[in-house]
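Chemist: Curious how this folds, go ahead:
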Amino acid sequence: MAINKLTDLKIKNLKIKDKNYEASDGNSLSILVKRSGSKIWRFRYLRPDTKKPNQLSLGEYPFISLAEAREIRDEFKTLISNGIDPVNINELQEEQKQKEEKFKFVNIFWEWVNHQKLNFLDLGEITQGTFRRNTNIIVNHILIHENLVNKNVNELIPADFREYLQPLINQNKTDLVNRICQVIGRVFEYAKTMGFIEYNKFDKLKFVTHRSKNMPTLPPDELPLILKAINEYPATQQTKLLAYFQLLTMVRPSEAATAKWSDIDFIKKLWIIPNDNMKMRREHIVPLSPQALKILEKMKAITPPNYKYVFINRKYLNDKNKHTSKETVNTMLKRIGYKDKLVAHGFRSIASTVLNESLEFHQDLIEISLSHVDKNKVRAIYNNAKYIDKRFELMIWWSNYVEKASNISIL
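Modeler: Model prediction:
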């Protein structure tokens with residue numbers, strides 16, 4: 001059967017008759033010439049479910065051009081070949097559009113607001129002030145960014161919010177940012193409960209604001225200077241590697257100093273610290289990044305065989321059961337000019353700040369990496385392989401951050 005039989009000239013020359021009639025373009029497309037003078041495109045086909053003949057109007061010529069009519073015809077034929085009836089296309093498109101609208105952050109937020117009003121405010125569970133504050137903080141600081149809030153909640157990750165929160169962070173409005181993150185976390189928890197998402201990546205997300213007065217630390221932007229000073233200081237190789245290892249693994253000074261070869265699984269790339277070595281008296285699992293493993297390989301090369309500890313006490317080389325002092329790194333930091341400014345424990349604060357402010361990782365993952373999570377949560381996370389994989393991602397991300405901050409090959 002011939003196709004593309006019509007041309008614009010032929011269509012324009014189609015004469016009006018006493019009765020409606022059709023002129024075929026071939027391949028299921030024709031144009032109906034009505035007595036009124038209007039010319040309507042028609043598409044004939046067999047419905048994919050019933051195999052019964054059907055026809056659809058595609059629009060009026062010349063508003064729908066010949067080329068456009070053929071394009072629509074081809075699109076409909078593709079739908080039919082996939083078992084989709086073109087008669088339902090508008091319904092399907094509208095259904096898809098409604099679904100897309102429903103999954104947008106902005107719409108889920110307002111749904112959450114209504115849920116808060118009906119289930120908490122109206123029942124006296126929260127005050128009018130709290131309700132208004134939680135709503136306005138998102139309206140004023142998040143909903144103004146249309147490119148962000150019109151995204152599907154399944155596509156959003158914490159890092160997407162960083163660009164819009166950074167100006168507030170730069171103004172030291174950390175409490176405000178924490179409040180925003182807290183409300184965002186609640187919105188996503190609602191989205192999880194309602195089946196919009198499977199996993200709430202924003203649960204308990206916040207920015208670190210507190211520093212221990214007894215544990216001096218420095219802001220992350222000074223990390224390159226700290227690493228440069230350590231690298232240039234004439235300390236032993238073991239002392240420097242101990243500092244780097246503690247920084248990369250985010251453990252406490254005592255835990256790094258007492259690391260045992262028997263606790264390290266090089267095959268699984270895990271360091272399993274027994275509970276008697278931990279401040280919280282519970283086992284702590286540390287996924288080892290490539291950089292941390294490289295440090296261990298270097299320590300193997302410079303440590304005499306059959307020693308119990310990774311970082312040995314070199315004053316007592318005859319005793320294979322003595323480890324280095326937990327104050328080793330602190331002593332070095334004092335000597336390179338960081339007395340009363342930074343202690344080895346402060347490495348953990350730097351890591352916590354960087355990881356929280358990166359908005360890359362769930363706060364629970366950060367807290368467990370620092371061995372801060374409560375006992376029940378530890379058990380739940382340790383028994384879930386998915387979380388171990390996520391913790392590997394976190395440790396690798398942090399190690400890459402440290403290595404980049406060094407600006408030199410320290411590892």
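Chemist: mind checking the SS state of Arg44?
Modeler: Put simply, Arg44 is strand when judged by DSSP: H, G, I helix; E, B strand; the rest coil.
Chemist: What's the separation between it and Lys10?
Modeler: 20 Å (Cβ to Cβ, to the nearest Å). Using the backbone N, CA and C atoms, a C-beta is placed for each residue, glycine as well.
Chemist: ok, the closest residue to Gln128 other than its chain neighbours to Lys339 distance?
Modeler: Closest residue to Gln128 apart from its sequence neighbours, by Cβ to Cβ, 6 or more residues apart in numbering: Leu121 at 6.8 Å. For Leu121, the distance to Lys339 equals 53 Å [Cβ to Cβ].
Chemist: more crowded one of those two?
Modeler: A direct count of neighbours by other Cβ atoms under 10 Å for Leu121 and Lys339 places Leu121 higher, at 16 against 12.
Chemist: got the phi/psi numbers for the more buried one?
Modeler: Note on Leu121: its backbone torsions stand at phi -60, psi -50 [degrees, to the nearest 10].
Chemist: Model confidence score at it, please.
Modeler: Here, the pLDDT recorded for Leu121 equals 82.
Chemist: Is it in contact with Gly129, as I believe?
Modeler: No: at 10.4 Å, Leu121 does not count as touching Gly129 under the criterion of Cβ atoms under 8 Å.
Chemist: low pLDDT regions in this protein?
Modeler: Across the chain, the ranges flagged by pLDDT under 70 are 1-2, 90-93, 204, 206-216, 276-282, 373-386, 407-411.
Chemist: Ser57: helix or strand, and which one exactly?
Modeler: Assessed by DSSP states H and E, Ser57 sits inside strand 53-61.
Chemist: What are the boundaries of the strands in the stretch 151-300 of the chain?
Modeler: Remark: strands assigned in the stretch 151-300 of the chain by DSSP state E, counting those that start in this stretch are 264-265, 270-273, 284-287.
Chemist: Ok, which of these comes nearest Pro305?
Modeler: Closest of the strands of the stretch 151-300 of the chain to Pro305 is strand 264-265, at 15.4 Å (criterion: Cβ to Cβ).
Chemist: can you give me the offset of the closest one from its chain's centre?
Modeler: Relative to its chain's centre, strand 264-265 lies at 29 Å (Cα atoms, centre = their mean, to the nearest Å).
Chemist: And for stretch 141-158?
Modeler: Using Cα atoms, centre = their mean, the offset of stretch 141-158 from its chain centre is 13 Å.
Chemist: before we move on, what about stretch 58-78?
Modeler: Worked out by Cα atoms, centre = their mean, stretch 58-78 lies 43 Å from the chain centre.
Chemist: what residues does it touch?
Modeler: For stretch 58-78, the external contacting residues (Cβ atoms under 8 Å, 6 or more residues apart in numbering) are 4, 6-8, 11, 25, 27-29, 31, 38-43, 45, 56, 86, 89.
Chemist: buried set for it?
Modeler: By neighbour count with 16 or more other Cβ atoms under 10 Å, stretch 58-78 contains the buried residues Leu58, Tyr61, Ile64, Leu66, Ala69, Arg70, Ile72, Arg73, Phe76, Lys77.
Chemist: does the third one sit in a helix, a strand or a coil?
Modeler: In the three-state summary, Ile64 is assigned as coil, counting by three-state DSSP.
Chemist: Next, give phi and psi for it.
Modeler: The phi/psi pair for Ile64 (degrees, to the nearest 10) is phi -110, psi 110.
Chemist: One more: the fifth one?
Modeler: The phi and psi torsions at Ala69 (degrees, to the nearest 10) take the values phi -60, psi -40.
Chemist: distance of it from Trp41?
Modeler: Taking Cβ to Cβ, one finds Ala69 at 4 Å from Trp41.
Chemist: which residues do the two both contact?
Modeler: Any residue near both Ala69 and Trp41 by Cβ under 8 Å, 6+ apart counts here, and that gives Leu29, Ile31, Leu58, Gly59, Tyr61.
Chemist: Contacts for stretch 125-135, please.
Modeler: By Cβ under 8 Å, 6+ apart, stretch 125-135 touches Val113, Gln116, Lys117, Asn119, Phe120, Leu121, Val183, Arg186.
Chemist: Swap in 7 Å and give it another go.
Modeler: Here stretch 125-135 makes contact (Cβ atoms under 7 Å, 6 or more residues apart in numbering) with Val113, Gln116, Lys117, Phe120, Leu121, Val183.
Chemist: Stretch 326-342 too?
Modeler: 216-218, 226, 229-230, 233, 235, 239, 242-243, 246, 253-254, 257, 343-344.
Chemist: Out of those residues, list just those in helices.
Modeler: Here DSSP state H is the test, and these give Ile226, Ala229, Ile230, Thr239, Leu242, Ala243, Gln246, Pro253, Ser254, Ala257 as lying in helices.
Chemist: Buried ones only from those residues, please, as a PyMOL command.
Modeler: The following PyMOL line selects those of the ones in helices among the contacts of stretch 326-342 that are buried, judged by 16+ other Cβ under 10 Å:
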select buried, resi 226+230+239+242+243+246+253+254+257
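Chemist: Dump the ones in helices among the contacts of stretch 326-342 into CSV; add distance to Ala292 as well.
Modeler: Below are the ones in helices among the contacts of stretch 326-342 laid out as CSV (distance: Cβ to Cβ, whole Å):
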residue, distance to Ala292
Ile226, 18
Ala229, 21
Ile230, 16
Thr239, 17
Leu242, 12
Ala243, 13
Gln246, 10
Pro253, 16
Ser254, 18
Ala257, 15
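Chemist: Much appreciated, bye for now.
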